[in-house]
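In: got a sequence here, can you model it:
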Amino acid sequence: AGTDRGSVHVFNSGLEQIAMYSLSDLAESLGVVGSTAVLAVDMLGYATRHCEGEGLRIAIGTSAGQILELEGPRITPSGGTEPMTAESLHPAGPLVQGHSGQREVWGLAAQRGTGAPGTPISTLRPMPGSEAGPSASPPPSLDQETLFATAGDDGTVRVWSATSKRMLAVEDYAGDLPRSIAWSSSLELASSSGRLGSAAVAQAARLPDEPTADASLLVVGFGGRKGRRSRSSNKASSTGGTELLSVSVSPTRVLLARASTARGPGAGVNDVKFAHASDLVEKGRHLVAVAHEDGLIAVLEAQRDPHQHEEWSLVPARGHSGEASTRRHSGQATHVDFSADCNFLQTNGADCELLFHRARPEGAGTSGGASRLATGKGLRNEKWATWTCTLGWPVQGIWPEAGSGSEINAVDRSQSSDLVATACEDGSVRLFRYPCVARSGFVQGLAHSSRVTNVQFLDNDRRLVSCGGSDGTIMQWTVEAGMTV
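Out: This is a model prediction of the structure:
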């Protein structure tokens, strides 16, 4: 039997309790997140027909979205049972785990990678075993795997491996509402003459007992109302602002820790993006664009504490008082993208507007940033580092005829700029050719039992990850060539 206090009780045939295990006592060894209630218990029996000396196998379903498998009481030589300390049968972590609590998952960010784009794609299908869980034979080195991060209304930020289909790290913001997330470039790409000296990078990246580890940052936005239903039963705090997390990836493990001690000010955050321009990365500068629910677009900079190298803070970027533009959306700002040279921003809002802003002071960066105006006409031929805005010239054709503007929650352009994926309110994931300026054919995938909230390409366009709404799931898809879209 299981209880809402997170305990499991084992009884014999005479209804006498012979063992009791508390998940809170086993949290570290089992990977249990936060305060967890037991929602389901099943006895799986013994490993062999000869039960003597074997522990009873017990499956446990928790309110944290986990399925655990424990080894419980043993059969003694006399035929009786004896209590024992419960042990997990899966040392690498729970058998299944993920976001929980009937909350939605909106935040999705892929680890910044390099490499040639994948082959042209036109077929979309779920990967076998795409739900979170360990693979049969995970690759031996985590720093060679394809990683991504999610932020859910259950108050957790999680880092996953798309390669081995398992969760690698989690940070719990109990009672809070992380709704958006972005992943920086590797801190090791910064030159030793910039803000991040080589010694500082090595210190930040190193894990205990590990020779080397790749270090990067996650920026998390809180309290955004994008897509939130008015009758939502979500009781989490709607406090806004942004925080930083440090991510260190070694060959054997991933370490996720809070890098900022104070939350950046601001209203609820609907979207965040890191700038990846080479001139910024080489100088160790990490600009962050933030789309607030009050319509404000802000440009911040992540700065390391010169005395406490593990601590960071988000401050207004050089040349900005905190706002990227005097123009702001009349409703909440929902999506934001940097231009390829990171001189400009494009944003969408609930007011169905497409606005343009200057991200860096005039003359900064490359490609003649000072000579171009932050207007639709001035940026009509601009190249964009990402395209996640649902409105704009190259994504006109993704919308259904006579649509209301609420049918598509998110889009993501592939690294090869050949495809664009959409996360749809009807629960489907769709692939279109990019640019899609006229209504055309598409490839559709169905796996979610609720609306799809976000989508992103991974692994040089060979994989696609989507996040669910009320089903709280993360689905992984393979994208294959062979059919014309």
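In: lowest-confidence helix or strand of this structure?
Out: Counting by mean pLDDT, DSSP states H and E, the chain has its least confident helix or strand at helix 198-205, which shows a mean of 41.
In: could you chop this structure up by domain?
Out: 7-88, 105-480 (automatic domain parsing).
In: Ala1: which of those is closest?
Out: Evaluated over the domains of the chain, closeness to Ala1 peaks at domain 7-88, with 4.8 Å, by Cβ to Cβ. (Glycine included, C-beta is placed from N, CA and C.)
In: burial-wise, tell me which of the domains of the chain comes out on top.
Out: domain 105-480 (a mean of 19; mean count of other Cβ atoms under 10 Å).
In: end-to-end on that one?
Out: 26 Å (Cα to Cα, to the nearest Å).
In: could you do stretch 299-313 as well?
Out: Termini of stretch 299-313 sit 13 Å apart (Cα to Cα).
In: for stretch 437-452, same thing?
Out: Termini of stretch 437-452 sit 23 Å apart (Cα to Cα).
In: tell me the average confidence for that stretch?
Out: Across stretch 437-452, pLDDT averages out at 92.
In: sorry, back to before: and the next helix or strand past the least confident helix or strand of the chain?
Out: Next helix or strand after helix 198-205 toward the C-terminus (DSSP states H and E): strand 214-222.
In: packing partners of that next one?
Out: strand 105-110, strand 147-152, strand 178-183, helix 198-205, strand 242-249, strand 269-274, strand 286-292 (3 or more Cβ pairs under 8 Å, 6 or more residues apart in numbering; DSSP states H and E).
In: out of those, nearest to Met43?
Out: Short answer: strand 147-152, nearest of those by Cβ to Cβ, at 31.0 Å.
In: what does Phe432 show for phi and psi?
Out: Main-chain torsions, Phe432, degrees, to the nearest 10: phi -120, psi 160.
In: mind listing what it touches?
Out: Gly397, Ile398, Leu419, Val420, Ala421, Thr422, Ser440, Phe442, Val485 (Cβ atoms under 8 Å, 6 or more residues apart in numbering).
In: and if we set it to 10 Å?
Out: 394-395, 397-398, 411, 419-422, 439-443, 485 (Cβ atoms under 10 Å, 6 or more residues apart in numbering).
In: could you check the pLDDT of Pro134?
Out: The model reports Pro134 with a pLDDT of 47.
In: apologies, that question was intended for Ser406.
Out: pLDDT, Ser406: 90.
In: ok, it to Ala110 distance?
Out: 26 Å (Cβ to Cβ, to the nearest Å).
In: do Ala298 as well
Out: Taking Cβ to Cβ, one finds Ala298 at 23 Å from Ala110.
In: what helix or strand is the residue nearest to Ala1 when sequence neighbours are not counted on?
Out: Closest residue to Ala1 apart from its sequence neighbours, by Cβ to Cβ, 6 or more residues apart in numbering: His9 at 4.8 Å. If you go by DSSP H and E, His9 is part of strand 7-11.
In: mind listing the strands the helix or strand following that strand pairs with, and their directions?
Out: Where DSSP H and E defines the elements, the next helix or strand beyond strand 7-11 is strand 17-22. Its sheet considered, strand 17-22 pairs with strand 7-11 (antiparallel) by DSSP bridges.
In: and the partner strand, how far out from the chain middle?
Out: 35 Å (Cα atoms, centre = their mean, to the nearest Å).
In: avg pLDDT for that strand?
Out: 85.
In: before we move on, what about stretch 391-400?
Out: 95.
In: same check on stretch 477-485?
Out: Across stretch 477-485, the per-residue pLDDT values average to 70.
In: same check on stretch 351-360?
Out: Rounded mean pLDDT across stretch 351-360 is 92.
In: and that stretch, end to end?
Out: Start-to-end, stretch 351-360 (Cα to Cα) is 25 Å.
In: any chance of the domains of the chain in TSV with distance to Ala1 as columns?
Out: Shown next, in TSV, are these (distance: least, Cβ to Cβ, whole Å):
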stretch	distance to Ala1
domain 7-88	5
domain 105-480	25
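In: so which of the ones you listed comes closest to Pro94?
Out: domain 7-88 (4.2 Å).
In: could I get the full set of helices for this structure?
Out: Secondary structure of the chain (DSSP state H): helices at 27-30, 198-205, 278-282.
In: what bridges to the most centrally placed residue in the chain?
Out: The centroid of the chain falls nearest to Thr150 when counting by Cα atoms, centre = their mean (1.9 Å). Applying DSSP bridges to Thr150 gives these bridge partners: Leu108, Arg158.
In: does it touch Leu168 like I think?
Out: No. Thr150 is beyond contact range of Leu168, at 11.8 Å (criterion: Cβ atoms under 10 Å).
In: who touches both of those two?
Out: Contacts common to Thr150 and Leu168, judged by Cβ under 10 Å, 6+ apart, are Arg158, Val159, Trp160.
In: quick check, nearest of those to Val465?
Out: Nearest member of those to Val465, counting by Cβ to Cβ, is Trp160, at 8.3 Å.
In: so what's the closest one scoring on pLDDT?
Out: For Trp160, the predicted pLDDT is 94.
In: give me the pLDDT for Arg112.
Out: 75.
In: quick thing: my sequence starts at 278, can you match it?
Out: Sounds good: first residue 278 from here, last item Arg389.
In: ok, it touching Val526?
Out: No. Under the criterion of Cβ under 10 Å, Arg389 is not in contact with Val526, lying 11.8 Å apart.
In: overlap of the contact sets of those two?
Out: Leu424, Ser463, Ser493.
In: contact partners for Glu684?
Out: Per Cβ under 10 Å, 6+ apart, neighbours of Glu684: Thr667, Ile675, Trp676, Pro677, Thr699, Cys701, Glu702, Asp703, Arg728.
In: state the distance from the third one to Arg707.
Out: It refers to Trp676. 11 Å.
In: same check on the first one?
Out: Applying Cβ to Cβ, one obtains 12 Å for the distance of Thr667 from Arg707.
In: which residues are common contacts for Trp676 and Arg707?
Out: Ile685, Thr699.
In: re the thing from before, of the contacts of Glu684, which is the nearest to Glu331?
Out: Arg728 (45.7 Å).
In: what sits against the closest one?
Out: Arg728 neighbours (Cβ under 10 Å, 6+ apart): 381, 504, 506, 683-684, 686, 700-705, 744-748.
In: ditto for Trp383
Out: Here Trp383 is in contact with 427-430, 454-458, 498, 501, 503-505, 547-548, 686-687, 700, 730-731, 744, 746 (Cβ under 10 Å, 6+ apart).
In: again with Ser590
Out: Applying Cβ under 10 Å, 6+ apart, the residues contacting Ser590 are Leu521, Ala536, Ser537, Thr538, Ala539, Gly541, Leu577, Glu578, Ala579, Gln580, Arg581, Asp582.
In: wait, Gly342 sits on Ala314?
Out: No. Contact criterion Cβ under 10 Å: Gly342 and Ala314 do not qualify, at 11.6 Å.
In: Gly608 and Thr624: what is the separation?
Out: Shown here: Gly608 relative to Thr624, a distance of 12 Å by Cβ to Cβ.
In: find residues that contact each of those two.
Out: Gly572, Glu630.
In: low-confidence ranges in the stretch 278-427 of the chain?
Out: Within the stretch 278-427 of the chain, the stretches with pLDDT under 70 are 302-312, 323-330, 352-365, 368-369, 378-379, 390-402, 404-417.
In: let's see 80
Out: Low-confidence segments of the stretch 278-427 of the chain (pLDDT under 80): 289-290, 295, 299-313, 321-333, 340-342, 349-372, 377-379, 389-417.
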